[in-house]
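In: got a predicted structure plus its sequence, pasted below:
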Amino acid sequence: MKLATWNVNSLAVRLPQLLDWLAANQPDVMVLQETKLTDDKFPHAAIAEAGWQAQWFGQKTYNGVALLSKSAATEVVRNIPGFADGLARVITATVDGVRIAGAYFPNGQAPGTDKFEYKLQWMRALRDWLEVELARYPKLVLLGDFNVAPDDRDVYDPVAWAGQIHCTDEERDQVRKLLGLGLVDAFRLFDQPPKSWSWWDYRNLAFRRNQGLRIDLILVSEALKPAVQSCTIDKAPRKNERPSDHAPVVLTLA
DNA sequence: ATGTCACCTGGTAGGTGA
């Protein structure tokens, strides 16, 4: 089983690239973030024609998530139950016996801002809800744009980024609390090339200089960990014309 | 170099968010 996550930064702009990527990679499940589409504009017909069913949950201008799957997605949940923030950030469903939560974590802007506090609150709510989900669905994957670089290995310049957004102790503590549920960062189950990033700023020629962060993560539950066969970042779409600023991350399960 | 991209409102640019 192959699962993937990609922050497409506008599905209206990136649909052709998504269809190319699906055709070339044939994932069983793919979650998308920052579709930036209201539900009536979601391109479900083009995606169905390519061979994937879709569940989607969006809003105007910001956020928006989707879950594509080869086989049917059941027990679909939108957002974090009990945490009503009105923003389209999470879509969860069961596919082929695996509970899959695709998430677009808040950016958080900067430490000390209201958006930063909201990010921490949101992460606490996600943790509390996933604890309940895991009890019911031991085979669970949480994947998406976490907007947190868990470790200094995940940052091209850890000194410059120390204490900055995506790299604060508070955000990293919240990621550790998610891992404390019995989840593991699948990317780090394997030897990886140093300087592996999933996001590069559009500015400053950051991709050319390989100045990025690894903020797109795939966490798997203990029950699934023995089945993990690989976890890789696909930099190829970042080399496209009009790329997303994020690269897809791919997990294969036995 | 606060250096790009995407989207909005309401316009032939400026603001917001990332």
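Out: Nice, thanks for sending it over.

In: helices along the stretch 101-250 of chain A, start to end?
Out: A:114-136, A:158-161, A:169-179 (DSSP state H, counting those that start in this stretch).

In: for DNA strand B, find the nearest of those helices.
Out: helix A:114-136 (5.7 Å; Cβ to the nearest atom of the strand). Every residue, glycine included, has its C-beta placed from N, CA and C.

In: correct me, but residue A:201 touches residue A:246?
Out: No: counting by Cβ atoms under 8 Å, residue A:201 stays clear of residue A:246, with 10.9 Å between them.

In: the more surrounded of those two?
Out: Using other Cβ atoms under 10 Å, the more surrounded residue of residue A:201 and residue A:246 is residue A:246, with 24 against 12.

In: distance of that one from DNA strand B?
Out: 9 Å (Cβ to the nearest atom of the strand, to the nearest Å).

In: beta-bridge partners for the spatially closest residue to that residue that is not a sequence neighbour, please?
Out: Closest residue in space to residue A:246, ignoring its immediate chain neighbours: residue A:7 at 3.8 Å, by Cβ to Cβ, 6 or more residues apart in numbering. For residue A:7, the beta-bridge partners under DSSP bridges are residue A:33.

In: got a list of what residue A:7 touches?
Out: Contact partners of residue A:7, counting by Cβ atoms under 8 Å, 6 or more residues apart in numbering, are A:32-34, A:104, A:144-145, A:199, A:216, A:244-246.

In: got a winner among the residues you listed for most neighbours?
Out: Within the contacts of residue A:7, most neighbours by other Cβ under 10 Å means residue A:33, with 30 neighbours.

In: next one, pLDDT for it please.
Out: For residue A:33, the pLDDT comes out at 98.

In: pretty sure it sits against residue A:11.
Out: No: contact criterion Cβ under 8 Å: residue A:33 and residue A:11 do not qualify, at 9.7 Å.

In: skipping adjacent residues, who's closest to the residue of the stretch 151-254 of chain A found nearest DNA strand B in space?
Out: Closest approach between the stretch 151-254 of chain A and DNA strand B, counting by Cβ to the nearest atom of the strand: residue A:202, at 3.6 Å. The shortest distance from residue A:202 to any non-neighbouring residue, by Cβ to Cβ, 6+ apart, is to residue A:245 (5.4 Å).

In: would you agree that neighbour is in contact with residue A:198?
Out: No: in this structure, residue A:245 is not within contact of residue A:198 by Cβ under 8 Å, at 9.7 Å.

In: so what does the spatially closest residue to residue A:201 that is not a sequence neighbour have for phi and psi?
Out: Computed as Cβ to Cβ, 6+ apart, the closest residue to residue A:201 that is not its neighbour in sequence is residue A:245, at 6.7 Å. Dihedral pair for residue A:245: phi -80, psi -10, per degrees, to the nearest 10.

In: contacts only, for residue A:245.
Out: A:7, A:9, A:199-202, A:238 are the contacts of residue A:245 under Cβ under 8 Å, 6+ apart.

In: what about 7 Å?
Out: Neighbouring residues of residue A:245 by Cβ atoms under 7 Å, 6 or more residues apart in numbering: A:9, A:199-202.

In: residue A:116: what's it in contact with?
Out: A:108-110.

In: likewise for residue A:3?
Out: Applying Cβ under 7 Å, 6+ apart, the residues contacting residue A:3 are A:27-29, A:100, A:141, A:143, A:251.

In: change it to 8 Å
Out: With contact set as Cβ under 8 Å, 6+ apart, residue A:3 has these partners: A:27-31, A:100, A:141, A:143, A:218, A:250-253.

In: what's the answer for residue A:139, then?
Out: Counting by Cβ under 8 Å, 6+ apart, residue A:139 has contacts A:97-99, A:221, A:223-224.
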